[in-house]
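Novice: Sharing a model that was predicted from the sequence below.
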Amino acid sequence: MSRDNGELEELIKRLLADPDLREHPLNFALGQLWFQYRELLNRMERITRMSDAYQSMARQRELSLAERFDKQLRQLEKVARISDRYQHMMRELNIALKEAATHDPLTALANRRPLIERLKAEMERSERLGHSFCVAMLDIDRFKRINDGHGHDVGDTVLIETARVMEAEVREYDLCGRWGGEEFLIILPESTLALADDIVRRVRGCISQLKVRVGDEVLSITVSAGLAQYRGDGESYSELLNRADAALLQAKRDGRDSQQLAV
Ligand SMILES: Nc1nc2c(ncn2[C@@H]2O[C@H](COP(=O)(O)OP(=O)(O)OP(=O)(O)O)[C@@H](O)[C@H]2O)c(=O)[nH]1
């Protein structure tokens, strides 16, 4: 309300309250006008209050919408983070499972499964392309003595070291794995028996150079090996391995630290 309005209102109130002017012909009209003016003023105040309340409600609603949106966004981000972590874990788990299914946990060499798969693939390739391939079965000599004399942990170290040398010495496309116990298998693709014989001799030579220290003692390791070339003509992989095994047995009988070719 402005200052002028305030003064005018005071004047009107005074005029309407003046007993001398009660009978004045304009008094009734002024009274009516004053009444309507007050009504209008009240209505405008109500409308202003409603408008203020509405605006405040709208502001409140906007705020709570923004808050809800923010909250949902934060939840979504959390879910996305959990899902990322979960996927990462699943990937790691998959790799670990695959590794466990295909590798020997002690030496980290291939286990029987990939060895057999590779054998079958090489047999199929050999039948198709006429390329020859060989297998070599290698066995650590007198390994039981190492275990019995120095303990299982030393035996494990010998297995690990032997595997490391073996893998380092074969060609890139050869596959070397742990067949079981102290027995290893090397698959030598694209190899005649004579070439495989040379490679295995070199591998055995390197293993015999290995020095495994146990306290003050240094252990020397030797291995015996039996080699067989794939015959084709429907020979199965187990027949091929049996021939290599028989040759290995012969090498052991011959005094160990040697290798024999299967017939
Ligand atoms: N430390 C250790 N020993 C193993 C493992 N697997 C098998 N062996 C042991 O390897 C030894 C194999 O002994 P044998 O089959 O008698 O052969 P060997 O003493 O090497 O004799 P030859 O093969 O005839 O020279 C056994 O004592 C098994 O317990 C292994 O993962 N770790």
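Specialist: Thanks, I have it.
Novice: Just give me the longest helix of this protein.
Specialist: The residue-count maximum for a helix in the chain (DSSP state H) belongs to helix 25-102.
Novice: is the helix or strand that comes right after it anywhere near the ligand?
Specialist: The helix or strand immediately downstream of helix 25-102 is helix 112-129, counting by DSSP states H and E. No. Contact of helix 112-129 with the ligand is not found when judged by CB under 6 Å from any ligand atom; the minimum separation is 13.8 Å. Where you see a C-beta, it was placed from the backbone N, CA and C, and this is true even at glycine.
Novice: Can you tell me, leaving aside adjacent residues, what's nearest to the residue in the stretch 51-200 of the chain that the ligand sits nearest to?
Specialist: Taking CB to the nearest ligand atom as the measure, the point where the stretch 51-200 of the chain comes nearest the ligand is residue 155, at 2.6 Å. In this structure, residue 155 finds its nearest non-sequential neighbour in residue 147, 4.0 Å apart by CB to CB, 6 or more residues apart in numbering.
Novice: Give me the number of neighbouring residues for the one you found.
Specialist: 16 (other CB atoms under 10 Å).
Novice: what does the stretch 151-263 of the chain put close to the ligand?
Specialist: Proximity of the stretch 151-263 of the chain to the ligand is confined to 152, 155, 156, 159, 181, 182, 252, 256 under the rule CB under 6 Å from any ligand atom.
Novice: what about 5 Å?
Specialist: By the rule CB under 5 Å from any ligand atom, the part of the stretch 151-263 of the chain lying against the ligand is 152, 155, 156, 181, 182.
Novice: which of those residues count as buried?
Specialist: Taking 16 or more other CB atoms under 10 Å as the criterion, what is buried in these is 155, 182.
Novice: Domain parsing of this structure, as residue ranges.
Specialist: With domains defined by automatic domain parsing, the chain comprises 1-102, 112-261.
Novice: Determine which stretch of those domains is the most buried.
Specialist: domain 112-261 (a mean of 17; mean count of other CB atoms under 10 Å).
Novice: so how far does it reach from one end to the other?
Specialist: Distance between the boundary residues of domain 112-261 (CA to CA, to the nearest Å) amounts to 22 Å.
Novice: quick one on the thing from earlier: comparing the domains of the chain, which yields the minimum mean pLDDT?
Specialist: Comparing mean pLDDT across those, the weakest is domain 1-102, with a mean of 87.
Novice: Backbone torsions only: list them for the closest residue in space to residue 187 that isn't next to it in sequence.
Specialist: If the residues on either side of it in the chain are set aside, residue 187 comes closest to residue 175, at 4.5 Å by CB to CB, 6+ apart. Note on residue 175: backbone dihedrals following degrees, to the nearest 10 are phi -120, psi 130.
Novice: Surely residue 175 touches residue 110?
Specialist: Yes. Using CB atoms under 8 Å, residue 175 is in contact with residue 110, at 6.2 Å.
Novice: hey, what's in contact with both of these two?
Specialist: Listed as contacting both residue 175 and residue 110 by CB atoms under 8 Å, 6 or more residues apart in numbering are residue 118.
Novice: Can you tell me which of the residues of the stretch 151-263 of the chain next to the ligand is nearest residue 46?
Specialist: Comparing these against residue 46 with CB to CB places residue 156 closest, at 92.1 Å.
Novice: The helix or strand hosting that closest one packs against which elements?
Specialist: Using DSSP H and E, residue 156 sits within helix 152-169. Based on contacts counted as 3 or more CB pairs under 8 Å, 6 or more residues apart in numbering; DSSP states H and E, the elements that helix 152-169 packs against are strand 134-140, helix 143-150, strand 175-180, strand 183-188, helix 193-209, strand 211-214.
Novice: again, 7 Å this time
Specialist: helix 143-150, strand 175-180, helix 193-209, strand 211-214 (3 or more CB pairs under 7 Å, 6 or more residues apart in numbering; DSSP states H and E).
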